[in-house]
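**Student:** Have a look at this prediction, sequence included:
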Amino acid sequence: MERTVLPEAGVPAEALDQELDSLRADDVHGHWARAGRGPPDVQRVAQAAYARFRDDNGIFSLRAPAMKRIEGAVTDMCLSLFHPPPDAGATFTTGGSDSNYSALHAMREWAREARPQAREPEVIAPHSAHPTMSKGCHYFGLKLVRTALGADRRAAPAAVRAAITPNTIGLVGSAPCWPFGLYDPIPALGEIAEEFQLWLHVDACVGGYFAPFAERLGVKLPPWDFRVPAVQSISADLHKWGYCPKPASTVLWRRDDYKRFHYVHPSDWPGGQYTTAGFAGSRPAGSIYAAYAVLRYLGWAGYLRLARQVLADKERLEQGISAIDGLVALRTDLLPVAFGAAPGVDLARVKGEMANLGWTLLSTADPPLINLPLDAAADERVLSTFLKELALSTQRARAAGTAREELRY
């Protein structure tokens, strides 16, 4: 393939507009690839705030008084949703990866004080935990030990307990995990963490800003946040069901002074001390101000309204998918919506047929599932078109046969 080179002369703006417009999927078929948005009014509020501060650099959030105040207000509002103890704290980050890395880094630094006997530190996570755990442990010189799931596809406390060694420094649970939309038994993991004096991190990137409102509406979930005494950190993405523009996430700390295990303050260069809120240096300040605007615009009443809508749409999707011959909807605790195929139907072919129609879908390989990050921006056009074209794609996949194809995320 020939490499693209910098043009000798600039391309006119009008031509660039046309080129970029041609690359954009339409609002219906491109919906799942843009997941994490609220309805149009929320998007307008978010986009206006982001645009107003798009040229500002979030690296100054620890220095510039106005930006520091707004970021502090955002993390205070977020923290209030997680049943925090009085001395809890939070950090605004650039995404779930950043948040999980922050927690793993803090866990390692904490263990150097609290568990110095762990010469080759290990972290235990269930098979369903997000791959950022694998990446983060690799980056920070930690050994990740993944444990088998129980028959219910959740972390198996007995397997976690059996994996503990003198080098274990922490445990990870999901609330919920992405592949199956299921909550790990955080209270049981908490008991193990307390018994062995381990750090427990909860990855709530998927459910963190949906669960508090779903619970208020009567959805029964196991305790998953700071209600569990052993939970020391929680990651939760504002740019998922917080409906804030990307990139926006948070890591929440049981104790604000845990930030000393997170922050690094290098000063071994001419510029003096260098401290940033997360792992990123420069980052869009627009995300901070947009999160502030969205949280204040929606408030509890707005988030409850959107949660009610998403729960109703989830039920509709699950029923619609189950009505398609050859597909089976998976019952999840919350989100995402997930479904698989009946015997005789190749789900990879179904996904391929949907891609031919313009849909970008995410999936789970083991077992084969398709995952839908249903958000409050999904309107009637998206839901009805998706179900109609999913039925057509499934019909075509059945006709093509069952030759096994690889299903990729």
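**Tutor:** Yes, it's here. Residues are numbered from 1 along each chain as shown.
**Student:** Kindly state the domain boundaries assigned to this structure.
**Tutor:** For the chain, automatic domain parsing gives the domain ranges 44-296, 299-400.
**Student:** what's the distance between the longest one and the middle of its chain?
**Tutor:** Here domain 44-296 shows a centroid-to-chain-centroid distance of 10 Å under the convention Cα atoms, centre = their mean, to the nearest Å.
**Student:** Need the mean per-residue confidence for that domain.
**Tutor:** For domain 44-296, the mean pLDDT works out to 96.
**Student:** what number of residues lie near the closest residue to residue 216 other than its chain neighbours?
**Tutor:** Spatial nearest neighbour of residue 216, excluding adjacent residues (Cβ to Cβ, 6 or more residues apart in numbering): residue 304 at 6.2 Å. No exception for glycine: its C-beta is placed from N, CA and C like everyone else's. Residue 304 has 16 neighbouring residues, counting by other Cβ atoms under 10 Å.
**Student:** I'd like the distance between residue 304 and residue 115.
**Tutor:** 41 Å (Cβ to Cβ, to the nearest Å).
**Student:** Equivalent analysis for residue 323, please.
**Tutor:** 53 Å.
**Student:** Kindly report the same for residue 19.
**Tutor:** 55 Å.
**Student:** Same drill for the two, tell me which one is more crowded.
**Tutor:** residue 115 (20 against 10).
**Student:** can I assume that one is in contact with residue 169?
**Tutor:** Yes. Using Cβ atoms under 8 Å, residue 115 is in contact with residue 169, at 5.3 Å.
**Student:** Quick check: neighbours shared by those two?
**Tutor:** 121, 198 (Cβ atoms under 8 Å, 6 or more residues apart in numbering).
**Student:** Out of the domains of the chain, which one sits most buried?
**Tutor:** domain 44-296 (a mean of 20; mean count of other Cβ atoms under 10 Å).
**Student:** quick one: the strands in the protein?
**Tutor:** 89-93, 122-126, 143-147, 168-174, 199-203, 231-237, 249-253, 327-330, 337-341, 362-364, 369-372 (DSSP state E).
**Student:** Minimum distance to residue 33: which of those has it?
**Tutor:** strand 362-364 (8.9 Å; Cβ to Cβ).
**Student:** Identify the residues contacting residue 88.
**Tutor:** Here residue 88 is in contact with 79, 82, 226, 252, 253, 254, 255, 256 (criterion: Cβ under 8 Å, 6+ apart).
**Student:** Go again with 6 Å.
**Tutor:** 79, 254 (Cβ atoms under 6 Å, 6 or more residues apart in numbering).
**Student:** The one 4 residues further on now?
**Tutor:** By Cβ under 6 Å, 6+ apart, the contact list for residue 92 reads 71, 75, 250, 277.
**Student:** For it, give its distance to residue 279.
**Tutor:** Distance from residue 92 to residue 279, by Cβ to Cβ: 12 Å.
**Student:** One more: residue 245?
**Tutor:** Distance from residue 245 to residue 279, by Cβ to Cβ: 19 Å.
**Student:** next one: residue 326
**Tutor:** Distance from residue 326 to residue 279, by Cβ to Cβ: 44 Å.
**Student:** Also residue 190?
**Tutor:** 27 Å.
**Student:** Kindly report the same for residue 6.
**Tutor:** 30 Å.
**Student:** All set now, cheers.
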